[in-house]
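# Need coordinates for the below:
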Amino acid sequence: MNLAVSASDRLVARTVPIDDPGDLIARLPHPAALAWVRHGEGIVGWGEAARVDLPGGPDRFDVAARWLRDRFGAASIDDEVGVPGSGPVAFGGFGFDPKSPDSVLIVPRRILGRRGGRAWLTTIGEDPGPPALPRPPRPPGRLTWSDGALNAPAWQGAVAAAVDRIRGGHLGKVVLARDLYAHAPEPIDARVLLARLAARFPGCYTYSCAGLVGATPELLIRRTGGEVASLVLAGTTARGTSPDDDARRAARLSSSPKDLEEHAYAAEMVRDALAPLCSQLTVPDRPQLLTLPNVMHLASPVRGRLDRERSVLDVLAALHPTPAVCGTPTGTALHLIRELEGMDRGRYAGPVGWVDARGDGEWGIALRCAQLEGTRARLFAGCGIVADSDPAAELAEAQTKFRAMQYALQG
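Reported below is the predicted structural model:
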């Protein structure tokens, strides 16, 4: 891949402070939306000043980092704000499987941001003037549904096969995913889904990049200067039908050997991946409970200090894939996923987020999402499988995880 930057390719970026823009998602001018928003703060973008579609391969994070260093290193940057997410930013998503040729970085022409009471607008290239809404976002209309690679019985069979491999001592855990298709009479507008997800799941990271739209509860890594943070999620139960039912489910989840084992695999891997990169690292001894509108998760917040200057993309390369989305041992689990799922996940369960010219950024795991292609949306949901997993219970959990995107599509 040619990474050289010609004079005509050099980015000219200017960031200025602005008054509070209000709802960031509502300011997106067209369906080709780029977004990363939580509790109303974050960044959104539109247009393409630069883009790279990366081939598959184990070095795709390194290739992406080199491409970005070349683009941002040669750029002319006038940034009057100077906070993470100001200046030129690349939104991106990486394929879950190293073999998947589905990774992308996009530097938008306009970026609108808000953080900690400050708001800004970044323009790359000539200022085209205030954006206009070519057409307001419209809900997708009446949907029809169809199975993806495996229908429900076949997927339960895949779970049973995975349990047999685990009990046979081949691996400790594997995460198996399902896909599901929604079909609309008109092209699906990402802005409608973003607005619904942000309103329903404000504590999640609502994102959109190259047609992949979702709201993930899982922060894979945040880099702010030398500080890094991660939120490990593994172990899930549906919300209860009443406060008492909620409390019972929370107690069961917090004491479930199966879910605690699944969570321990994920937390230990993140600790082991970050430890060589950090001079300080804090990992809790036991997970806490993260409660969302539709599910509860076991969660472990991890914090560290990098021992030298590294971009957030360098940290991503060390972390992905975690046992929370792949399994353990990683190579064995990945091979079993390829064998049993019957599909290419694309960017589902891969890193999704943004990186700026300082190397700061926030990246989540692309969960609770759908890949939009015209009138079609491909939804994904996955479950961690361990030795005592029950196929029927895992199917019910996957169906619960589909509901976030079903709500986003149907309202």
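
# which SS state does residue 195 fall under?
Recorded secondary structure, residue 195: helix (DSSP: H, G, I helix; E, B strand; the rest coil).

# Any figure for the gap between it and residue 358?
Taking Cβ to Cβ, to the nearest Å as the measure, residue 195 falls 30 Å from residue 358. From N, CA and C alone the C-beta is placed, and that goes for glycine too.

# What residues does residue 208 make contact with?
Neighbour list for residue 208: 33, 34, 35, 190, 193, 194 [criterion: Cβ atoms under 8 Å, 6 or more residues apart in numbering].

# now swap in residue 52 and tell me
Counted by Cβ under 8 Å, 6+ apart, residue 52 has contacts 1, 64, 67, 104, 105.

# try it again with 10 Å
Contacts for residue 52 (Cβ atoms under 10 Å, 6 or more residues apart in numbering) come out as 1, 3, 63-64, 67-68, 71, 90, 92, 103-107.

# ok, now residue 279?
226, 304, 305, 306, 307, 308.

# The closest residue to the fourth one other than its chain neighbours: how many residues sit nearby?
Right, the one you point to is residue 306. Excluding its sequence neighbours, the residue lying closest to residue 306 (Cβ to Cβ, 6 or more residues apart in numbering) is residue 226, at 4.9 Å. Counted with other Cβ atoms under 10 Å, residues neighbouring residue 226 total 15.

# gap between residue 226 and residue 21?
30 Å.

# where does the closest residue to residue 225 other than its chain neighbours sit relative to residue 228, distance-wise?
Once flanking residues are discounted, residue 225 sits nearest to residue 360: 7.1 Å by Cβ to Cβ, 6+ apart. Between residue 360 and residue 228 the computed distance is 10 Å (Cβ to Cβ).

# And the most centrally placed residue in the chain, what's its pLDDT?
By Cα atoms, centre = their mean, the chain has its centre lying nearest to residue 366, at 2.8 Å. Residue 366 is assigned 97 on the pLDDT scale.

# that older thread, what sits against the residue nearest to residue 306?
By Cβ under 10 Å, 6+ apart, the contact set of residue 226 is 278, 279, 280, 304, 305, 306, 307, 308, 309, 310.

# Chain neighbours aside, what residue packs nearest to the first one?
Across the structure, with Cβ to Cβ, 6+ apart as the measure, the residue nearest residue 278 apart from its sequence neighbours is residue 304 (3.7 Å).

# Just to check, that neighbour is in contact with residue 224?
No. Using Cβ atoms under 10 Å, residue 304 is not in contact with residue 224; the gap is 11.7 Å.

# okay, the two: which has more neighbours?
residue 304 (23 against 14).

# which residues does the more buried one bridge with?
According to DSSP bridges, the partner residues bridging residue 304 are residue 228, residue 281.

# got the contact list for the residue nearest to residue 278?
Residue 304 neighbours (Cβ under 10 Å, 6+ apart): 221, 226-230, 270-271, 274-275, 277-283, 315.

# can you check residue 387 too?
Counting by Cβ under 10 Å, 6+ apart, residue 387 touches 163, 164, 165, 166, 167, 168, 169, 172, 173, 258, 261.

# quick one, phi psi at the fourth one?
Here is the backbone geometry of residue 166 (degrees, to the nearest 10): phi -70, psi -50.

# do the last one as well
Backbone geometry at residue 261, expressed as degrees, to the nearest 10, gives phi -70, psi -50.

# returning to what we had before: what's the closest of the contacts of residue 279 to residue 80?
Distances from residue 80 to those, taken as Cβ to Cβ, are shortest for residue 226 (23.6 Å).

# How much space separates residue 95 from residue 119?
Using Cβ to Cβ, residue 95 is found at 33 Å from residue 119.
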